[in-house]
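1. next comes the sequence, and after it the predicted model I'd like to discuss.
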Amino acid sequence: MIELDHIEESYPFQHLRWVDEGRTIDTNKGKKCLKFWPDEHMLQAQITWREELTKQTGVLTDRMIQTSNGEKAISTGAGWVTLHDMVEDLYPVWNHPNKIGAFLGHYITMPYKYTMSSESLPLNDESISLDRERLVQSLPVRSVSYKLVDKLKKEALTRLERVASFLKRHELTDTPNEVVSIYTLAQAKLVHGELFWENNEKKSTSPYKVLRRCLGEWENRGDSLYLFLNGLNRTFPLNKDRGTLLLAHIVYPYEMIKFINRLMQETDITPSQEKAQLNDLVTEWDTNKRLCETMVGWLQDVREKVVQ
């Protein structure tokens, strides 16, 4: 745990007090968030990535506040600590689908040059084979909903075969590049009427999985997804391979793989926890089904306009 005195000695702030000990402080210049970095390479990669994000998009982000000596972090016995401006007002993302789509198009073209662990493998025959085996060999659930899970597992296997067919028929090669993960579009904050992007994730993942998550969140709002896709298409053109690869990632049954992995790892799971996980699975499953239908329709419209 870092002491307030250490922070006050290092930064040009006064009247420091903990708002949430170890996480947030109040200062004479507003609230600041603390982030801990056990790995210097990760810290440097994040510093570079955040600065590049602002440079490439013009969007403000929670860059590291400089110390009194011009450094981006302070060293502790267990790693490094950085300070960031805390922004609490949410950006009205749902009112700006085109702008948010265009921003994400820039976001996913910026590779993150640090990988903690591979959260996602590129879609290819090997990854599909591994997940197919995982689904086939997974143990049945113990709850009364086992029939539903078995039904979804069979559909998940069908979805895997559809993706394999996509890749083979279109001779697609998935990107090995990874970008900083996005947990939620609520990371978009508002500062003086402008978009401010808050980076809550240190993990990296496939750019298409980032889009899949964001599109799924937007789909649950129930409107303007076409406008979101139009904005995305401006900065990350979805013609030909990119559009088909994004569709393949949407079809891929990641939600079932995640559900099965949890069941296999959590041997002491309670019936109520299993039910909650099943509800999450069904919700995400239904969302991706709707998203797939929307994506197919949008791609058809775009490709027809190109032909015309």
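-> Looks like it came in fine.
2. could you identify the helix or strand that succeeds the strand or helix carrying Arg162?
-> Arg162 is located in helix 146-169, with elements delineated by DSSP states H and E. The helix or strand immediately downstream of helix 146-169 is strand 179-180, counting by DSSP H and E.
3. what's that next one packed up against?
-> For strand 179-180, the elements it packs on are strand 204-205, judged by 3 or more Cβ pairs under 8 Å, 6 or more residues apart in numbering; DSSP states H and E. Placement of C-beta: from N, CA and C, glycine included.
4. tell me the strands beside the strand it packs on, with direction?
-> Next to strand 204-205 in the sheet, as set by DSSP bridges, lie strand 179-180 (antiparallel).
5. next helix or strand past the strand it pairs with?
-> Following strand 179-180 in sequence, per DSSP H and E, is strand 188-191.
6. now do the buried residues in that following strand.
-> For strand 188-191, a neighbour-count test (16 or more other Cβ atoms under 10 Å) marks 188-189 as buried.
7. helices and strands around that strand, which ones?
-> With contacts taken as 3+ Cβ pairs under 8 Å, 6+ apart, strand 188-191 sits against strand 194-197.
8. neighbouring contacts of the strand it packs on?
-> Contact partners of strand 194-197, identified using Cβ atoms under 8 Å, 6 or more residues apart in numbering, comprise 53, 59-62, 87, 91, 99, 103, 187-190.
9. go with 10 Å
-> Residues from elsewhere that reach strand 194-197, judged by Cβ atoms under 10 Å, 6 or more residues apart in numbering: 50, 53-54, 57-62, 85, 87, 89, 91-93, 96, 99-100, 103, 107, 182, 187-190.
10. mind checking which of those residues are in helices?
-> 50, 53-54, 57, 99-100, 103, 107 (DSSP state H).
11. neighbour-wise, which of those leads?
-> Using other Cβ atoms under 10 Å as the neighbour test, those are led by Ile100, with 25 neighbours.
12. run through the residues that contact the closest residue to Glu52 other than its chain neighbours.
-> Of all residues not flanking Glu52 in the chain, Met110 sits nearest, at 6.1 Å (Cβ to Cβ, 6 or more residues apart in numbering). Neighbour list for Met110: 49, 52-53, 55-57, 177, 179-180, 207 [criterion: Cβ under 10 Å, 6+ apart].
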